[in-house]
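J.: Sequence plus predicted model, see below.
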Amino acid sequence: MDESDDLSRRIAELGPWFHNLRIGGIQTAPDHFLGDYPAFKWQGFRHVLPENTSGMSVLDIGCNAGFYALEMARRGASEVVAIDSDAHYLRQARFAAEQADADITFRQMSVYDVGSLGRRFDLVIFMGVFYHLRHPLLALDLLHEHVVGKQMLFQCMQRGTQAVANLAHDYDFDDDTLFHQDAAPRLHFIEHRFAHDPTNWFVPNRAATEAMLRSSGFAIEAHPEPEVYLCRREARPEHTDQPPRIVAADR
């Protein structure tokens with residue numbers, strides 16, 4: 001068996017893959033239902049991050065097979081930490097990093113446990129995780145309180161209108177007009193499954209995504225794609241300035 005055959009065997013043994021990586025010229029998920037994912041998505045927003053990340057510390061939350069962590073390492077980040085709650089994905093990510101000779105620290109942990117890292121990062125990547133969480137606002141609060149130092153790259157599946165209503169800061173109890181506007185913040189709860197996935201719990205529209213980010217202390221700096229935001233950490237709004245009481249919990 002030559003080296004290529006051995007590499008193909010090892011990649012197959014680590015399957016199934018959700019990230020279509022290229023390892024030694026071999027694609028890990030060439031028949032992905034979304035296409036060349038996440039590479040084709042990356043092309044739409046990669047420009048909002050520095051081409052040279054030298055000197056930056058990066059935390060990739062829900063890293064899956066490590067596509068974004070690998071990209072940050074390739075761009076020269078001084079430190080890359082990648083976490084995921086799924087041991088299967090971490091095995092893939094460690095293998096991919098080993099093959100790329102990338103210096104990435106991997107840890108199996110939930111987003112709810114980020115307080116245990118005990119530090120902040122220049123950039124936190126929080127892509128494709130939010131809608132899989134039973135407690136999404138708690139997660140944003142924990143990120144703001146414990147690990148986001150400067151910026152966060154955020155992505156969440158969205159459904160509904162891309163319009164955003166211009167809302168007042170308060171409404172009378174008897175005024176229900178807010179709740180009849182499609183462009184008002186809406187967060188849809190999925191009791192059973194969506195896209196055959198039992199971990200899809202909440203799906204916001206655009207207005208809800210942006211409102212939740214702002215309410216958690218994240219100012220939107222760039223919106224390069226409909227579901228992708230580059231955010232800057234700032235002070236939390238006055239009415240939500242108390243830090244979350246729960247520092248860590250099992251997912």
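T.: Looks like it came in fine. Numbers count the residues shown, from 1 in each chain.

J.: Next up, the contacts around the closest residue to residue 67 other than its chain neighbours.
T.: In this structure, residue 67 finds its nearest non-sequential neighbour in residue 19, 4.7 Å apart by Cβ to Cβ, 6 or more residues apart in numbering. For glycine as for every other residue, the C-beta is placed from the backbone atoms N, C-alpha and C. Taking Cβ atoms under 8 Å, 6 or more residues apart in numbering, we find residue 19 in contact with 28-29, 37-38, 64-67, 92.

J.: now swap in residue 8 and tell me
T.: Contact analysis of residue 8 by Cβ under 8 Å, 6+ apart lists residue 26.

J.: Look up which helix or strand residue 91 falls in, please.
T.: helix 87-100 (DSSP states H and E).

J.: what's the very next helix or strand once past that helix packed up against?
T.: Later in the chain than helix 87-100, the nearest helix or strand by DSSP H and E is strand 105-108. Secondary-structure packing of strand 105-108 (3 or more Cβ pairs under 8 Å, 6 or more residues apart in numbering; DSSP states H and E): strand 79-84, helix 87-100.

J.: Do me a favour and average the pLDDT over strand 105-108.
T.: Averaging pLDDT along strand 105-108 gives 98.

J.: Give the buried residues for the helix or strand of the chain with the lowest mean pLDDT.
T.: Sorted by mean pLDDT, DSSP states H and E, the helices and strands of the chain end with helix 3-13, the least confident at a mean of 92. By neighbour count with 16 or more other Cβ atoms under 10 Å, helix 3-13 contains the buried residues 7, 11.

J.: quick one, that helix and helix 87-100 angle?
T.: Counting by axes from the mean of the first three to the mean of the last three Cα atoms, to 10 degrees, helix 3-13 lies at 160 degrees to helix 87-100.

J.: now helix 3-13, how far from the centre of its chain.
T.: Mean-position distance between helix 3-13 and its chain equals 29 Å (Cα atoms, centre = their mean, to the nearest Å).

J.: quick one: low-confidence parts of the protein?
T.: Low-confidence segments of the chain (pLDDT under 70): 1, 240-251.

J.: which stretches of it form helices?
T.: For the chain, applying DSSP state H gives helices covering 3-13, 39-42, 67-74, 87-100, 136-142, 206-215.
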